[in-house]
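Q: take this sequence and fold it.
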Amino acid sequence: MIEKQICEEVLKIALKTGGDFAEIFAESTYSNNYEMTSGKVTKVSSNHTYGASLRILKGYYEVNGYTNDFSRDSLLALANKLAGSFTEEAKVTEVILTETEVKNNNPVQRYPETVSNSEKIAYMQRVDDALKGYSSEITQIISGVMDEDQKVLIANSKGRFIKDRRCHTFLRTSVVAGDGKSTQTAGRRIGGHAGYEVIDQHDLEALARETADSAITMLHADEMVGGKMTVVVHNGFGGVLLHEACVHALEATSVAKGSSVFCNKLGEKIATDIVTAIDDGTITNAWGSLNVDDEGEPTKRNVLIENGILKSYLVDYRNSLKMNHPVTGSSRRQSYKYSPTSRMTNTFFAPGKDKFEDIIANTKFGLFAKVMGGGSVNPSTGEFNFAVSEGYMIEDGKITKPVRGATLVGSGAEVLKNIDMIADNLDFDHGFCGSASGSIPTDVGQPTIRVQNMTVGGRGK
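A: Sure, this is the predicted structure:
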């Protein structure tokens with residue numbers, strides 16, 4: 001995209017007025033988005049995102065700008081403009097870049113460019129066909145396919161010059177069930193840092209039926225009666241509780257500002273002994289994985305909490321300067337238009353030693369949150385409010401009637417201290433995380449966990 005010699009020249013100019021560090025992030029990204037509603041294609045869109053950003057650091061202070069023009073003159077003009085933010089003599093007089101080969105942890109078999117539009121639409125049609133005549137209570141079926149092929153270049157004044165290619169493929173389905181009085185919606189997702197092989201590996205018809213069954217079951221469920229009780233949160237997307245209520249507060253984005261509930265707690269016990277939490281960007285072809293982060297740092301398996309002890313935060317280069325904490329390969333951004341900061345990749349509770357059946361059997365009374373939904377969280381306090389998309393009561397050690405409208409209310413710090421059983425059935429689910437540096441693909445995951453003394457909201461009486 002940009003020749004190495006030009007990058008060296010631009011970085012040198014960027015530092016001519018006393019900056020300590022300069023970085024170029026350039027990308028060329030092709031993305032496609034398709035949607036089908038009840039058998040009809042309702043969206044087909046394609047985009048080409050093309051541009052380069054330049055940022056300069058002087059200590060913790062940052063200036064950042066971007067351009068869609070990769071010419072030498074345009075990049076030098078941007079460097080001169082940003083350098084005007086400082087007024088000292090140059091500390092760096094020469095920049096020599098060395099290209100580093102990137103280890104590919106995420107091999108791709110079927111890049112989006114090799115898959116025709118008709119093939120992509122056929123995936124959605126399979127979802128729709130699987131539910132034709134399935135139930136008269138299904139009122140709407142929405143499915144979508146998204147792909148993205150991103151080529152990036154990262155160069156900085158420490159001599160780093162890296163090229164990488166990232167491919168993400170995603171399928172989602174949403175089913176609405178109604179009885180003329182009320183409606184319920186259920187959704188499922190498939191995704192990976194991979195090509196269309198990630199969809200080929202799944203039974204789309206089974207996925208469609210599972211989604212429909214969830215919506216229909218919740219349509220006929222009783223309203224949840226709230227109270228304080230034991231809650232069993234199932235595996236997979238149940239990990240959104242860890243992601244939102246706990247690990248956002250472990251990102252340097254919050255910690256460096258002193259606005260996290262977990263500030264200054266490294267080495268302290270913040271969870272029960274059985275809790276180990278990990279953010280791992282190296283899992284092969286996982287939705288949130290990367291070969292290198294958006295500063296060119298190789299991704300890592302970061303153990304955040306080990307046997308209840310806080311071991312690490314997620315830290316990017318800029319925040320490492322303020323926190324005196326090693327970088328963790330966690331710097332991410334949606335595109336060149338955003339400045340990078342610390343973000344999650346694939347975040348999960350490590351498997352425990354319990355069996356799912358034993359967790360249920362040992363619960364006298366409580367809520368089984370089979371599928372979690374969306375919610376809100378305050379990173380500075382960890383206080384959250386999450387919807388349960390599909391829930392059931394647990395009575396005398398058995399899963400009984402379905403309940404709808406349940407919400408989980410509390411704080412991440414409380415949850416960590418009240419987990420008393422963890423199963424061995426780790427699973428993952430896929431989503432998009434929005435924060436200071438935009439929306440990025442992240443995996444959430446966990447085995448089934450049991451949490452004591454959670455506040456559950458509901459409209460039932």
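Q: drop to CA atoms for contacts and neighbour counts, all remaining ones
A: OK.
Q: ramachandran coordinates for Glu320?
A: You called it Glu, but residue 320 is Ser. phi -60, psi -30 (degrees, to the nearest 10).
Q: run a quick neighbour tally on it.
A: Ser320: 18 surrounding residues under other Cα atoms under 10 Å.
Q: the one 3 residues further on now?
A: Met323 has 16 neighbouring residues, counting by other Cα under 10 Å.
Q: and what of the one 3 residues further on?
A: Residues within reach of Pro326, counting by other Cα under 10 Å, total 15.
Q: same check on Asp203?
A: Neighbours around Asp203, by other Cα under 10 Å: 11.
Q: look up how far Ala369 lies from it.
A: The gap separating Asp203 from Ala369 is 24 Å, by Cα to Cα, to the nearest Å.
Q: what sits against the nearest residue to Ala14 once chain neighbours are set aside?
A: In space, Ala14 comes closest to Ala79 once its chain neighbours are excluded; the distance is 4.7 Å by Cα to Cα, 6 or more residues apart in numbering. For Ala79, the contacting residues are Val10, Leu11, Ile13, Ala14, Leu54, by Cα atoms under 8 Å, 6 or more residues apart in numbering.
Q: of those, which belong to helices?
A: Val10, Leu11, Ile13, Ala14 (DSSP state H).
Q: most neighbours among these, which one is it?
A: Ala14 (33 neighbours).
Q: that one against Leu75, yeah?
A: No - counting by Cα atoms under 8 Å, Leu75 is not a contact partner of Ala14; they are 9.9 Å apart.
Q: domain-wise, how is the chain divided?
A: The chain breaks down into these domains under automatic domain parsing: 4-220, 223-457.
Q: now these as JSON lines including mean pLDDT?
A: Output for these, formatted as JSON lines (pLDDT from 0 to 100):
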{"stretch": "domain 4-220", "mean pLDDT": "97"}
{"stretch": "domain 223-457", "mean pLDDT": "96"}
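Q: deepest of the ones you listed, which one?
A: Ranked by mean neighbour count, the domains of the chain are led by domain 223-457 with a mean of 21 (mean count of other Cα atoms under 10 Å).
Q: next one: that domain to chain centre, how far?
A: 11 Å (Cα atoms, centre = their mean, to the nearest Å).
Q: between the two ends of it, how far is it?
A: 10 Å.
Q: thinking again about what came up before, which two among the contacts of Ala79 are spaced furthest apart?
A: Ile13 and Leu54 (11.3 Å; Cα to Cα).
Q: hmm, back to that, and which of the contacts of Ala79 is nearest to Glu88?
A: Ala14 (12.3 Å).
Q: let me see the ranges of the helices in the chain.
A: Going by DSSP H, the chain shows helices at 4-14, 72-83, 117-130, 197-200, 204-219, 240-245, 252-255, 317-323, 356-361, 412-418.
Q: just put those helices in TSV and tack on distance to Val145.
A: Supplementary listing: these in TSV, determined by distance: least, Cα to Cα, whole Å:
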stretch	distance to Val145
helix 4-14	36
helix 72-83	36
helix 117-130	7
helix 197-200	10
helix 204-219	12
helix 240-245	22
helix 252-255	31
helix 317-323	34
helix 356-361	32
helix 412-418	33
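Q: please name whichever of those helices is nearest to Thr345.
A: That would be, of these and by Cα to Cα, helix 240-245, which comes in at 10.0 Å.
Q: please export the C-alpha coordinates of that closest one as CSV.
A: Provided in CSV are the C-alpha atoms of helix 240-245 (Å, rounded to 0.1, in the frame of the first residue of the first chain):
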residue,chain,number,x,y,z
VAL,A,240,-21.2,-11.8,27.7
LEU,A,241,-21.5,-11.4,31.5
LEU,A,242,-17.7,-11.7,31.9
HIS,A,243,-17.0,-9.6,28.8
GLU,A,244,-19.3,-6.7,29.8
ALA,A,245,-19.4,-6.7,33.5
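Q: which strands or helices does it pack on?
A: strand 346-349, strand 365-378, strand 383-395, helix 412-418, strand 438-446 (3 or more Cα pairs under 8 Å, 6 or more residues apart in numbering; DSSP states H and E).
Q: dump those to CSV, plus distance to Phe356.
A: CSV is the format used below for the helices and strands packed on helix 240-245 (distance: least, Cα to Cα, whole Å):
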stretch, distance to Phe356
strand 346-349, 15
strand 365-378, 11
strand 383-395, 13
helix 412-418, 18
strand 438-446, 12
